[in-house]
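**Student:** give me coordinates for this.
(one chain, ligands or ions: 2)
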Amino acid sequence: MKLYKIAKGILLEHNNSAYIIDDEWDSLINRDDLAGYLQSISADTTPISAEVRDEHLNGKILPPIGSQEVWAAGVTYLKSRDARMEESESSGGATLYDKVYDAPRPELFFKAIAQRVSGTGAEVYIRKDSEWNVPEPELTLFINSKGNIQGYTIGNDMSSRSIEGENALYLPQAKIYEKSAALGPCLLVATEPIAGESDIKMLIKRNGEVAYQDATTVSRMKRSLTELTGYLYSECDFPVGAFLMTGTCLVPPPTFTLQPGDVVEITIDGIGMLVNTITLNPKHK
Ligand code: DO4
Ligand code: MG
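**Tutor:** Ligands and ions are numbered 1, 2, ... in the order given. Now for the predicted structure:
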C-alpha cells in the first residue's frame, strides 16, 4: 500500500486501485496498525479512475511528512564508515567513525524539521561554503508515537563532505541547512518489514549523462531497524511520530562533487523513485 501526499490531499494506492482519503496527514499516519486501517478505508471507499489517479500523481507530489521531526543514523554501512575515515584523516577524526561502527550505541543525529524537507520532483540545495557535496540515499522509517515502525520511504540526506571532513564537530553544519533533506515519493505501508534483499540504487545525471551510479541492498546494513528505533525513542517522545533515515549505503568516489543542475534519482524496491535537482539557495548565492 502506498500513501501519497498530493496537492489536493492524500491518495492511497492499494491492489491496483486508488482512493482519495479525507483526513489530516499526522493523525492518519500516527496510529498502530496503519496497514490494517488503510485496508479498511479502501474497503469502504469508492476508488477513483486510473485517469484521475494519473492526473494527481503527474502533478506535484509533496514529501510524505506532516509536522514530524526527521532524524538520521550514521555509519551503519561499511561504505559510509570507510568514506568518512578517508575524508577526516587529516583532521585526526578518522577513529571516531571506526569506533561508532562497532559500538553498541549507534550514531543518531537530528536532521530536519518538516519545512526543510523537499519532496520528489523538487530541488535540494548544496551549501555555497562547501566545495565537496554528495547526496546520501537512505531507507527511511516512519515510526509512530509508540515507537513502532509503520512505513518506509526514501530519504536523501544531503551532506557536505568538506565541512564534516574538516572537523567532525561541524556535523550539524554539514547536514542541516535549507532543503538539505528529501523524502518521497510516498509512504510504503506494509504488514511485513521491508525485505533485506530490497535494492537501493542511486543514479546521478549531469547534462543528461550518467555521472555516477551504484546499487546495494538493505541487508548490508550493520544494525537492525528496531535497534535504531529503540535508541531514538529511548529518551525522546515524538507525539506525532518521527522519520528516521537509516544511513547511507552508497558514497560516490572522492573525486565526485555535486554541481547545480545535477539530477539525483534514488530508487528502493517496492517504494519507488525519489528525484531531486541540485540547486544553490537563491537567497544565499
Ligand atoms: O557521521 C556522520 C554522518 C553519517 C551519515 O550521515 C551516514 O552514514 O549516512
Ligand atoms: Mg546519512
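
**Student:** which single residue in the stretch 1-150 of the chain comes nearest to ligand 1?
**Tutor:** Using C-beta to the nearest ligand atom, the single residue of the stretch 1-150 of the chain nearest to ligand 1 is residue 74, 2.7 Å away. No exception for glycine: its C-beta is placed from N, CA and C like everyone else's.

**Student:** count of neighbours near that residue?
**Tutor:** Applying other C-beta atoms under 10 Å, we find 26 residues neighbouring residue 74.

**Student:** residue 283 too?
**Tutor:** Around residue 283 there are 7 other residues, counting by other C-beta under 10 Å.

**Student:** any idea how far the nearest residue in space to it that is not next to it in sequence is from residue 129?
**Tutor:** Nearest residue to residue 283 in three dimensions, chain neighbours excluded: residue 178, at 7.8 Å (C-beta to C-beta, 6 or more residues apart in numbering). Using C-beta to C-beta, to the nearest Å, we find residue 178 at a distance of 13 Å from residue 129.

**Student:** contact residues of the stretch 151-285 of the chain facing ligand 2?
**Tutor:** Within the stretch 151-285 of the chain, the positions lying close to ligand 2 (C-beta under 5 Å from the ion) are 157, 248.

**Student:** OK, contacts around whichever residue of the stretch 151-285 of the chain sits closest to ligand 1?
**Tutor:** Nearest to ligand 1, among the residues of the stretch 151-285 of the chain, is residue 248, at 3.5 Å (C-beta to the nearest ligand atom). Residue 248 is in contact with 77, 79-80, 136-138, 157, counting by C-beta atoms under 8 Å, 6 or more residues apart in numbering.

**Student:** burial of the closest residue to residue 69 other than its chain neighbours, as a residue count?
**Tutor:** Distances taken as C-beta to C-beta, 6+ apart place residue 242 nearest to residue 69, at 5.4 Å, with adjacent residues excluded. By other C-beta under 10 Å, 23 other residues sit near residue 242.

**Student:** before we move on, what about residue 199?
**Tutor:** So residue 199, with other C-beta under 10 Å, has 13 neighbours.

**Student:** thought the residue of the stretch 1-150 of the chain closest to ligand 1 was touching residue 103?
**Tutor:** No: when contacts are counted by C-beta atoms under 8 Å, residue 74 is not listed as touching residue 103 (11.8 Å).

**Student:** dump the C-alpha coordinates for the helix or strand that residue 98 is a member of into CSV.
**Tutor:** Assigned by DSSP states H and E, residue 98 belongs to helix 94-102. Taking C-alpha atoms only, helix 94-102 is exported to CSV below (Å, rounded to 0.1, in the frame of the first residue of the first chain):
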residue,chain,number,x,y,z
ALA,A,94,39.0,9.0,11.4
THR,A,95,38.9,6.9,14.5
LEU,A,96,35.5,8.3,15.6
TYR,A,97,33.8,6.5,12.6
ASP,A,98,35.6,3.3,13.2
LYS,A,99,34.6,3.2,16.8
VAL,A,100,30.9,4.1,16.2
TYR,A,101,30.6,1.5,13.6
ASP,A,102,31.4,-1.2,16.1
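
**Student:** wait, does it contact ligand 2?
**Tutor:** No: against ligand 2, helix 94-102 shows no contacts by C-beta under 5 Å from the ion, the least distance being 12.1 Å.

**Student:** by contact count, what packs against that helix?
**Tutor:** Here helix 94-102 touches helix 78-87, going by 3 or more C-beta pairs under 8 Å, 6 or more residues apart in numbering; DSSP states H and E.

**Student:** okay, the angle between the helix it packs on and helix 94-102?
**Tutor:** With axes from the mean of the first three to the mean of the last three C-alpha atoms, to 10 degrees defining the directions, helix 78-87 sits at 170 degrees from helix 94-102.

**Student:** and helix 78-87, which residues are buried?
**Tutor:** 79-85, 87 (16 or more other C-beta atoms under 10 Å).

**Student:** residue 207: which of those residues is nearest?
**Tutor:** Of all these, the one sitting nearest residue 207 is residue 83; the distance, using C-beta to C-beta, is 25.3 Å.

**Student:** can you name the residues bridging to the nearest residue to residue 226 once chain neighbours are set aside?
**Tutor:** In space, and not counting its chain neighbours, residue 226 is closest to residue 149: 7.3 Å by C-beta to C-beta, 6+ apart. Counting by DSSP bridges, residue 149 is bridged to residue 143.

**Student:** quick one: contacts for residue 149?
**Tutor:** 141-143, 193, 225-226, 229.

**Student:** 7 Å - rerun?
**Tutor:** Counting by C-beta atoms under 7 Å, 6 or more residues apart in numbering, residue 149 touches 141, 143, 225, 229.
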